[in-house]
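>>> Whatever this is, show me its structure:
(2 chains)
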Amino acid sequence: MSVHAETLLTVTDVSRRYRSRAGGDILALDKVSFSLGNGEFVSVVGPSGCGKSTLLKLISGLVPPSSGAICYRGDAVIKPQPGMGIVFQSPVLMPWLTVLQNVLLPMKILGSNSVAARERALSLLAAVGLDAFTNKYPSELSGGMQQRVGIVRGLIHDPGVLLMDEPFGALDALTRERMGLQLQDIWMKNRKTVFFITHSITEAVLLSDRVFVMSDRPGHIVREFTIPFERPRNYKLVSTSEFGGIVDQIRNLLGASADV
Amino acid sequence: MFDRKIKWDWRMFPLRSTLQFAASMVLLLLAWALAVRLLKIPSYVLPDPVAVWRALVAGLDDSPLNRSSFWYHLFDTMLATLIGFLIGALIGVAGAAVMAESETVERIAFPYVAALQSLPKVAIAPLYVIWFGYQIDSKIAMAATLGFFPVLLNTLQALSSVEPEKLELASSLNASRWQKFWYIKFPNSLPMVFAGMNLGIVYALLGSLVAEFIGGQRGMGVLILQLQSVNDTAGVFAVLVVLAVVGYLLLSIMRWVQRTVVFWSSNPRDLP
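Okay, the predicted model is just below:
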């Protein structure tokens, strides 16, 4: 399952230090290495403050690594480039723009806000059940709907990798489960590479081809799990013993590292 | 961009609170009239409300070309207030934008802004009369000065307090500085810009009046001084009533513009 023909992104011995307020150096990430295959869904779980979000910002090019290298399609990532789409924990929509205008904002920034882009936005919005809301403003939408707009915006410029930083963290449990399955739908249709950060072990195992478990600071990948289940998956899978076994292993690893 | 209409809603003026307000006003006027008569307060100290009403009607009924007409003076005061406010608000927004975008400019300019902000600005009025003369120019300058500061400070704060994720989103797409400003920072700051303008319009009216007190030829401030010099206290009260109504109207118009432009802001800061 995890054997992907083409490697899209490689992270090699990447470390990241921060200058702390006290003046000392804090090692947030310590020699992290992995690669993402084209079309793969990879999740990262780890305790709070283990550098998961830092890792995401490094991949996006928003933050440069202190050492090591990140390569996307063979080129070093040294600054942001439109091959990545980002989805944040909160929807981060512009309240003065309609749903459609929000989704098209990246195209406007990239200077390619064409009729084709508009068509693409409308079909993506329809795919997540928001076709009736394209001209509404964010304040008229529920939290789950807003986050779907955020996901569609992350996909609008057809990025190679979709980076998601705890995208369902602010939603209630039920909405969260639905959104996870909907994300699986979108992913199966588009086969984008997804790099997904989450606190929920169940969510990670359910949605991913591979799950990386990170340790407490300085963050590094302790172990990598390959998730074998067939797609499409649903929440019935959660009660199977095989699924539970993987979840338990991850939980034990995290428990040994820190409380989650 | 701002194409959403505000629906008119009669609940903006609920009947019950309107009636309550009217009743309280009638009571207040009655108490005032009774107090003046029973306590035999001289009319140059506190005039009878009926005398104020007569002065008000006389002032408003007069031909606008006549120097004793309220309209004659009100026109000048309003013109100075509106022009001054527009100049002050424009310079305030533009100045804040430059300061927010350039750390060097902000580092150099901010101490001056802070110093001027703590200066009681009405003290500049005599200087403006020297510089700009006794006509409308010094009133405009004073209105602009007083209207400028709340707009500048609010805009500056708003432009430098954008949620970091909004900017990260733009950065992740390699947005230029212009794009970040026009697509994100500026629209994001508009609710607070308008909160500043609500203060600014009231201050601009204050500025016009101060300039008229100091060295005006024409205007509501001049009228107040003229009426005071002949002990026409009822007339002074009548002018104050007009000014209160005008101030309220100005603020109402500002709020209407605010609700229309920044329709997404659920919490436009309310003012007394």
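>>> what's the average pLDDT for the helix or strand hosting B:Ala97?
B:Ala97 belongs to helix B:70-101 when assigned by DSSP states H and E. Averaging the model's pLDDT scores along helix B:70-101 yields 94.
>>> what's the answer for stretch B:184-198, then?
Over the span of stretch B:184-198, the pLDDT mean works out to 94.
>>> Need phi/psi at residue 40.
By default, I'm working from chain A. In terms of degrees, to the nearest 10, the main-chain angles of A:Glu40 are phi -90, psi 150.
>>> try again with chain B
In terms of degrees, to the nearest 10, the main-chain angles of B:Lys40 are phi 50, psi 50.
>>> after the helix holding B:Ala97, next one along is what?
Stepping forward along the backbone from helix B:70-101, the first helix or strand reached (DSSP H and E) is helix B:103-118.
>>> Name the residues of stretch B:114-132 that are buried.
Along stretch B:114-132, the positions that meet the burial threshold by neighbour count (16 or more other CB atoms under 10 Å in any protein chain shown) are B:Lys121, B:Val122, B:Ile124, B:Ala125, B:Tyr128, B:Val129, B:Phe132. (Glycine included, C-beta is placed from N, CA and C.)
>>> what distance separates the start and the end of that stretch?
Taking CA to CA, to the nearest Å as the measure, stretch B:114-132 stretches 25 Å from start to finish.
>>> Run through who's touching it.
Outside stretch B:114-132, the residues within contact range by CB atoms under 8 Å, 6 or more residues apart in numbering or on different chains are B:138, B:140-142, B:145-146, B:149, B:153, B:206-207, B:210-211, B:213-215.
>>> Mind doing that once more with 6 Å?
Contact partners of stretch B:114-132, identified using CB atoms under 6 Å, 6 or more residues apart in numbering or on different chains, comprise B:Ser138, B:Ala141, B:Met142, B:Thr145, B:Leu146, B:Phe149, B:Val210, B:Ala211, B:Ile214, B:Gly215.
>>> Could you check what's spatially nearest to A:Pro71, not counting adjacent residues?
For the record, residue A:71 is Cys, not Pro. For A:Cys71, the nearest residue in space outside its immediate sequence neighbours is A:Thr10; the separation is 4.8 Å by CB to CB, 6 or more residues apart in numbering or on different chains.
>>> Am I right that that neighbour falls within a strand?
Yes: under DSSP: H, G, I helix; E, B strand; the rest coil, A:Thr10 falls within a strand.
>>> Got the confidence number for it?
Confidence per residue is given as pLDDT, and for A:Thr10 that number is 90.
>>> try B:Lys5
Confidence at B:Lys5, expressed as pLDDT, is 53.
>>> Report pLDDT for residue 260.
This is for chain A. Looking at A:Val260, its pLDDT is 43.
>>> think we crossed wires, I meant chain B
We have a pLDDT of 90 for B:Thr260.
>>> tell me the SS of A:Arg223?
Secondary structure, three-state DSSP: A:Arg223 is strand.
>>> close enough to count as contact, it and A:Val211?
No: with contact defined as CB atoms under 6 Å, A:Arg223 and A:Val211 do not form a contacting pair (8.9 Å).
>>> So for the two, which sits in the more crowded spot?
Neighbours per residue (other CB atoms under 10 Å in any protein chain shown) separate A:Arg223 from A:Val211, with A:Val211 holding more: 24 against 12.
>>> And the contacts of stretch B:114-132, which is closest to B:Ile83?
Closest approach to B:Ile83 among the contacts of stretch B:114-132 (CB to CB): B:Ala141, at 10.0 Å.
>>> quick one: what helix or strand has that closest one in it?
Taking DSSP H and E as the criterion, B:Ala141 maps to helix B:136-159.
>>> pLDDT below threshold where in the chain?
Went with chain A since none was named. Low-confidence regions of chain A, defined by pLDDT under 70, span residues A:1-5, A:256-260.
>>> wait, chain B
Within chain B, the stretches with pLDDT under 70 are B:1-13, B:266-272.
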